[in-house]
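Novice: here is a sequence with its predicted model. Questions after.
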Amino acid sequence: MYTTVKTACWEATFTPEHGGQLVRLKYLPRDRDILHYPESSEAFFAQPERFGVPVLFPPNRISGGSFEFEGRSYSFPINDVARGNHIHGVVLHEPWEMVVDEPSADTDDLRVRLSFTHDDKRETFGGYPHRFRLSQHYLFREDCVEHEVVLENLDEPDSPALPFGLGYHTAFRVPNPDGAQPRLFVTAADYRHEMVETLPSLRHLPWPEASEYWREGGLPYVIEPSVSVHTPALTGQRDGQPFRGALLDFEQENLRVVYAVDEAFGQWFLWAPPDDLRALCIEPMTCMANAANLPLPAEESGWLSLAAGQSWRTHTQISVESL
């Protein structure tokens, strides 16, 4: 089930047979787990989205599990049964192919490649009738872990465009939830989306705390069961350079975790599991929750499409610094 790779600075564990997920990441110079990880296989299989970097395609929820795009109807399994929605996309529980490229003689950099192909052999093809390949490329460098995802539309020429959204349910590890809380800095708007029955209502609610997050170091971020914020992502400044992402400062450890994302990710979802405060989920998403059904232009909802034969890619990075 688990496949572990190691460099001088990083130890990473993947679940290629279930979600193609980076499920644990340890920074070896500090002997510090950066991502929240499952302590048993049972915990992982029960809720894989709570650990590591789950890939959600599309992210979050689709109301009623269905939508229309360019005159075509789509349907997804209703797996949020209590509310009658689809949640977390079509790749989270699927097997991926994994290849590890050994480091060259002159570098300790390590590459891991994972790929998933959606075609007519998949149970979800009937409701999402597109052939595509989703590939993850991890590059473990001395000072960071880079993560690139590439989407290729494998449909025949002149086929309808592939509608999509992408997100990561990235769960960071809070080693001492009963002690001093980390400080959070996130490049976010000063409002949040009102959520009604877990779906955005299109109302914007003031989020005055967000303006404080623009200050280097952020605010003391008290992780409580009520933490659940869906908000647009913005590009700010860090060290005089454009920066879109989040910083988590663990002052007692003299440790900063930096999560940088590219501009394809136009939304955040910040969430702490109410029954496990060792995790803080900082989730970049290319689109809003339920974007496929929102009466908004694509540039606002973030819902994307890709023509047959075309490809699309995006990039994120995790690094560790001393404060």
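Specialist: Nice, thanks for sending it over. From a predicted model like this one, the values you see are computed outputs, not experimental measurements.
Novice: and stretch 61-75, how far apart are its ends?
Specialist: 12 Å (Cα to Cα, to the nearest Å).
Novice: residues of it that come out buried?
Specialist: Across stretch 61-75, burial judged by 16 or more other Cβ atoms under 10 Å covers R61, I62, S63, G65, S66, F67, Y74. No exception for glycine: its C-beta is placed from N, CA and C like everyone else's.
Novice: what's in contact with it?
Specialist: Around stretch 61-75, the neighbours that count as contacts under Cβ atoms under 8 Å, 6 or more residues apart in numbering are 76-78, 80, 83-87, 126-128, 160-161, 163, 198-199, 289-290, 292-293, 305.
Novice: mind checking which of the residues you listed are buried?
Specialist: Using 16+ other Cβ under 10 Å, the buried members of the contacts of stretch 61-75 are 76, 80, 85-87, 128, 161, 163, 198-199, 289-290, 292-293.
Novice: out of these, the closest to K26 would be?
Specialist: Lowest distance from K26 to those (Cβ to Cβ) belongs to I87, with 29.0 Å.
Novice: find the residue at the geometric middle of this structure.
Specialist: Among the residues of the chain, the one closest to the centroid is Y168, at 1.0 Å (Cα atoms, centre = their mean).
Novice: my read: that residue touches G52, true?
Specialist: No: contact between Y168 and G52 fails when scored by Cβ atoms under 8 Å: they sit 9.3 Å apart.
Novice: with just CA atoms, put stretch 37-52 into PDB.
Specialist: Output of stretch 37-52 as PDB, limited to C-alpha atoms (Å, rounded to 0.1, in the frame of the first residue of the first chain):
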ATOM      1  CA  TYR A  37      -0.300  11.600   8.200                       C
ATOM      2  CA  PRO A  38      -2.500   8.600   9.100                       C
ATOM      3  CA  GLU A  39      -1.400   6.500  12.100                       C
ATOM      4  CA  SER A  40      -3.000   3.400  10.700                       C
ATOM      5  CA  SER A  41      -4.300   2.000   7.300                       C
ATOM      6  CA  GLU A  42      -7.800   2.000   8.700                       C
ATOM      7  CA  ALA A  43      -7.600   5.700   9.400                       C
ATOM      8  CA  PHE A  44      -6.300   6.400   5.900                       C
ATOM      9  CA  PHE A  45      -9.000   4.400   4.100                       C
ATOM     10  CA  ALA A  46     -11.700   5.800   6.200                       C
ATOM     11  CA  GLN A  47     -10.900   9.400   5.200                       C
ATOM     12  CA  PRO A  48      -7.900   9.700   2.900                       C
ATOM     13  CA  GLU A  49      -8.700  13.400   2.200                       C
ATOM     14  CA  ARG A  50      -7.500  14.300   5.700                       C
ATOM     15  CA  PHE A  51      -3.900  13.300   5.100                       C
ATOM     16  CA  GLY A  52      -1.000  14.600   3.100                       C
END
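Novice: buried stuff in it?
Specialist: Residues Y37, P38, F44, P48, E49, R50, F51, G52 are the ones in stretch 37-52 that count as buried (16+ other Cβ under 10 Å).
Novice: stretch 96-110 too?
Specialist: Counting neighbours by 16+ other Cβ under 10 Å, one finds that the buried residues in stretch 96-110 are W96, M98, L110.
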